[in-house]
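Peer 1: got a sequence here, can you model it:
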Amino acid sequence: MNVEMDLADDQVRAMWNRRLWSRFVLMYLALTTSAVIYLAGSPPPWQAVLVLLGAFLTAVLGMRTTFNLTIPWLGRLPFWPSYAVLVVLCLTLPAVAGSEWAFNSAWASAATGWIGGRWVAGRLLAIGAVVGVVAWQDDLEPAMIAWLALIGMLVGFFTSQARRQYDMFEVLQASRRERARLAVADERDRIARDLHDLVGHSLSVIAVKTELARRLVLMDPEKAEKELADIDTVVRRALAEVRQAVTNYRQPTLAGELASARRAAASAGIDCRVESPDSWSLPAPVDGALAWTVREGVTNVLRHSRASNCTIKLSLMDCMAEVAIVDDGVGPGTSGRGNGLRGLSERAEALGGSMTSGQSETSGFYVKVRVPA
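Peer 2: Below is the predicted model of the structure:
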């Protein structure tokens with residue numbers, strides 16, 4: 001994903017650079033044309049040298065102020081003094097050296113448009129008006145006067161539009177990178193939550209069955225062998241589920257988790273009673289969230305409760321689905337809400353539901369998840 005984003009950013013940046021340098025090429029062509037026309041009039045050498053130096057300085061300052069570029073052999077000139085000198089030069093050259101330098105106002109107009117701001121239209125209008133006055137004093141045709149004044153404004157207008165596009169590109173680029181970062185964080189949280197639920201439940205079942213097999217190995221070898229076979233099945237299933245969790249393909253089912261909860265509780269000597277409708281049909285996300293609730297709740301019963309009885313109740317009512325796991329064990333203790341319960345809360349809230357937990361009426365512990373069905 002990041003590689004694709006970087007490639008798209010590089011393509012947009014390359015397109016932007018082509019547009020940038022195409023503008024500079026056109027402006028340098030206009031500058032060169034103005035110089036050729038000016039030199040064709042055979043001005044005094046000293047005046048020609050000063051005018052051409054001024055034109056060259058205009059181009060340098062234009063590179064600095066338009067698109068905020070750095071001139072390698074001059075370093076980073078202060079922006080606002082550079083902009084002020086640029087505007088003065090662009091408006092002084094045509095007044096001193098002739099109207100052929102009026103096209104040089106494009107540098108000041110482009111820099112003004114790039115700066116933008118509240119009064120950008122007024123500044124562009126002022127530049128166009130000054131260029132028009134200079135052309136009028138040189139007794140040019142009215143159409144040429146209007147054309148030169150229009151050039152003094154249009155270049156800045158289009159540069160202002162380019163600045164808006166550039167800013168939009170920067171904002172979109174930052175937004176895409178932030179979305180990618182959040183997507184990575186969400187995926188990391190999902191994997192951590194799923195691995196906790198999967199591995200925690202499987203290890204709890206393995207611990208219970210291992211203890212039972214150890215007690216039975218001498219008294220009832222055949223039954224111990226059966227428990228060891230169950231352990232092998234749980235381990236293989238846990239490995240498959242971990243692989244699926246990493247690739248986001250696994251989704252436990254509520255019916256499967258209810259059946260698994262009975263078997264796991266029975267292995268631990270806990271009487272587990274399941275109260276549920278004879279049949280139900282729930283959307284996959286809802287069924288999965290309730291299945292995770294059963295798995296985490298039973299895992300907590302096996303690990304911490306030291307209970308002798310537990311009840312799992314599935315209720316479907318008023319377009320809501322609810323699963324509650326209640327035991328008669330030692331209670332919640334003082335450790336607070338662990339990662340598993342936080343994960344259940346996140347899953348429920350993602351579906352617009354809620355999770356509650358705490359001490360039950362029998363001094364044991366309960367976990368209840370309620371989500372829209």
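
Peer 1: check the closest residue in space to Asp271 that isn't next to it in sequence and give its pLDDT.
Peer 2: Using CB to CB, 6 or more residues apart in numbering and skipping residues adjacent in sequence, the residue nearest Asp271 is Asn309, 4.8 Å away. Heads up, the C-betas are built off the backbone N, CA and C, glycines and all. For Asn309, the model assigns a pLDDT of 86.

Peer 1: and Asn309, how far from Leu341?
Peer 2: 21 Å (CB to CB, to the nearest Å).

Peer 1: over to Pro44?
Peer 2: Noted for Pro44: a distance of 90 Å to Leu341, by CB to CB.

Peer 1: the two: which has the busier surroundings?
Peer 2: Between Pro44 and Leu341, counting by other CB atoms under 10 Å, Leu341 is the more crowded of the two (19 against 8).

Peer 1: and Val330, helix, strand or coil?
Peer 2: At Val330, secondary structure determined by DSSP: H, G, I helix; E, B strand; the rest coil is coil.

Peer 1: show the contacting residues for it.
Peer 2: Residues near Val330 by CB atoms under 8 Å, 6 or more residues apart in numbering: His304, Ser305, Arg306, Ala307, Gly364.

Peer 1: kindly report the same for Ser34.
Peer 2: So Ser34 contacts Ala55, Glu100, Trp101, Phe103, Asn104 (CB under 8 Å, 6+ apart).

Peer 1: tell me the pLDDT of the first one.
Peer 2: I take that to be Ala55. For Ala55, pLDDT reads 83.

Peer 1: for Pro78, see how far away it is.
Peer 2: To Pro78, Ala55 is 21 Å away according to CB to CB.

Peer 1: the third one too?
Peer 2: Counting by CB to CB, the separation of Trp101 from Pro78 is 25 Å.

Peer 1: higher neighbour count, those two?
Peer 2: Taking other CB under 10 Å, Trp101 and Pro78 do not tie; Trp101 has more neighbours (28 against 9).

Peer 1: confirm Leu316 sits in a helix?
Peer 2: No: going by three-state DSSP, the assignment for Leu316 is strand, not a helix.

Peer 1: wait, it touches Ser279, no?
Peer 2: No: the criterion here is CB atoms under 8 Å, and Leu316 misses it with Ser279 at 10.3 Å.

Peer 1: looking at the two, which is more packed in?
Peer 2: For Leu316 and Ser279, the more surrounded residue by other CB under 10 Å is Leu316, and the numbers stand at 14 against 6.

Peer 1: next one: the more buried one from Val323, what distance?
Peer 2: 10 Å.

Peer 1: and if you look at Thr210?
Peer 2: 28 Å.

Peer 1: what about these two, which has more around it?
Peer 2: Val323 (25 against 13).

Peer 1: residue ranges for the helices of the stretch 51-200 of the chain, please.
Peer 2: 79-97, 105-115, 120-137, 142-219 (DSSP state H, counting those that start in this stretch).

Peer 1: Ser109: what's its closest spatial neighbour, skipping adjacent residues?
Peer 2: Using CB to CB, 6+ apart and skipping the chain neighbours, the partner closest in space to Ser109 is Gly156 (3.7 Å).

Peer 1: oh, I was asking about Thr253
Peer 2: Nearest residue to Thr253 in three dimensions, chain neighbours excluded: Ala291, at 5.7 Å (CB to CB, 6+ apart).
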